[in-house]
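*Asks:* Here's a sequence, model it:
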Amino acid sequence: MTRFAKIPATVVTGFLGAGKTTLIRHLLAHAGGRRIALVINEFGDVGVDGGLLAGCGDAACGEDDIIELANGCLCCTVADEFIPAMERLLDRESPPDHIVIETSGLALPKPLVKAFDWPDIRARVTVDGVIAVVDGPSFATGRFTSTEEQRRRPDHDNPLEEVFVDQLASADLVLLNKADLLSPAEIDQLSRRLEDQLRPGVKLVPTRLGEIAPGVLLGLGAAAEDDLAARPSLHDTLGAHDHDDFESFAVPMPDIADPQAFTRTIGEVIARHDILRLKGFLSVTGKDMRHVIQAVGARVAGYYDRPWRTGEDRQGELVVIGCKGLDRTAIADALSGGSSAAAG
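*Replies:* Numbering: from 1, shown residues only. Here you go, the predicted structure:
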């Protein structure tokens, strides 16, 4: 990169639990010498994704190269949050080779791409591409779509569909993720349905665990900030994106004795309360490793990601995200009670 070349930035979008963080972890592990900086945005006060990414790239992306922006989607906090974060990265003595921005699963990418027209940003950065990650199994079950009958109802409102449609509309590359959980026939069918919604020239690639070569993700050269008109958004006509349709809260967790038993409890709580996303960290009795929980719909996964660090607070915490009206007390009690049962 020459001294005066613009730094490329990649926006990674996709609904809650689609696999954005897993995709970025794979990218950092195979960065091929690129120095990558991350801007991580989460819906709610507690950041989990930044903690999962910290240190996983080492030479590619150190902990100082990760900026976390929690408590609000970037599409609504561009001026207050995103612009200052970008300026901090760009004003470094040694700026990164590439910037990757992981949006909240509830964010709209178009307002974020618009922010790159900010004079001081536009002169130094270009949007290399917008990557939309699609949760294949959730898309297959109709999680993000309405039926024709539903759309004809005067009171019809599907905020999940609105977010999903707008994320696809801004994409330069779409990843049909979790393809290993789908049959070949399902992959073909879902690919055709997605391609019907994409702009001409946008490629779609089935992926497993976000495993895709960095050369495919980086270097698209889309300059997305220059063709905003070609990226239609429902909210161009609907008006402001309303996050009041969703809510998030954190549940402090005691130590867990049996992670597998607790995973079953999580699945029951999600089903009972129609939770969209649940994620976080747990401390397991007798284990020196941090236990990660990732749950989307009925799918709940847990794994140990790294040892607890010296002096680190081993307090577990789970973040719950869903549509407005979640029974917070009942959910917190069920999770805490489930942890006690697992410990007993």
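
*Asks:* so where is the stretch 1-150 of the chain shaky, pLDDT-wise?
*Replies:* Counting by pLDDT under 70, the ranges of the stretch 1-150 of the chain that qualify are 1-4, 42-64, 70-80, 145-150.

*Asks:* What segments of it are helices?
*Replies:* Along the stretch 1-150 of the chain, the segments classed as helices by DSSP state H, counting those that start in this stretch run 20-29, 49-53, 83-90, 109-115, 119-122, 136-140, 148-152.

*Asks:* I'd like the ones you listed written out as a markdown table, with distance to Leu335 and mean neighbour count added.
*Replies:* To be clear about C-beta, it is placed using only N, CA and C from the backbone, and glycine gets the same treatment. As requested, the helices of the stretch 1-150 of the chain are exported to a markdown table (distance: least, C-beta to C-beta, whole Å; neighbours: other C-beta atoms under 10 Å):
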| stretch | distance to Leu335 | mean neighbour count |
| --- | --- | --- |
| helix 20-29 | 22 | 23 |
| helix 49-53 | 19 | 21 |
| helix 83-90 | 32 | 16 |
| helix 109-115 | 32 | 23 |
| helix 119-122 | 41 | 13 |
| helix 136-140 | 22 | 21 |
| helix 148-152 | 32 | 9 |
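
*Asks:* I'd like to know which of those helices lies nearest to Ala222.
*Replies:* Closest approach to Ala222 among the helices of the stretch 1-150 of the chain is made by helix 109-115 (9.7 Å; C-beta to C-beta).

*Asks:* Which elements pack onto the closest one?
*Replies:* In this structure, helix 109-115 packs against strand 7-14, strand 125-135, helix 159-169, with contacts taken as 3 or more C-beta pairs under 8 Å, 6 or more residues apart in numbering; DSSP states H and E.

*Asks:* can you list these in CSV and add mean neighbour count and distance to Arg143?
*Replies:* As requested, the helices and strands packed on helix 109-115 are exported to CSV (neighbours: other C-beta atoms under 10 Å; distance: least, C-beta to C-beta, whole Å):
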stretch, mean neighbour count, distance to Arg143
strand 7-14, 25, 13
strand 125-135, 26, 8
helix 159-169, 22, 7
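
*Asks:* Tell me which of these sits nearest to His98.
*Replies:* With C-beta to C-beta as the criterion, His98 lies closest to strand 7-14 of the helices and strands packed on helix 109-115, at 5.5 Å.

*Asks:* Just the CA trace of the closest one, in CSV.
*Replies:* Provided in CSV are the C-alpha atoms of strand 7-14 (Å, rounded to 0.1, in the frame of the first residue of the first chain):
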residue,chain,number,x,y,z
ILE,A,7,-7.2,2.1,3.6
PRO,A,8,-9.8,-0.5,2.7
ALA,A,9,-12.6,-1.2,5.1
THR,A,10,-14.9,-4.3,5.1
VAL,A,11,-18.3,-4.1,6.7
VAL,A,12,-19.6,-7.5,8.0
THR,A,13,-23.3,-7.5,8.5
GLY,A,14,-25.8,-10.3,9.2
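
*Asks:* That strand relative to helix 83-90, how many degrees between them?
*Replies:* Strand 7-14 and helix 83-90 meet at an angle of 130 degrees, taking axes from the mean of the first three to the mean of the last three C-alpha atoms, to 10 degrees as the criterion.

*Asks:* Check which strands are paired with strand 7-14 and give the direction for each one.
*Replies:* Each strand that pairs with strand 7-14, with its direction, by DSSP bridges: strand 98-102 (parallel), strand 125-135 (parallel).
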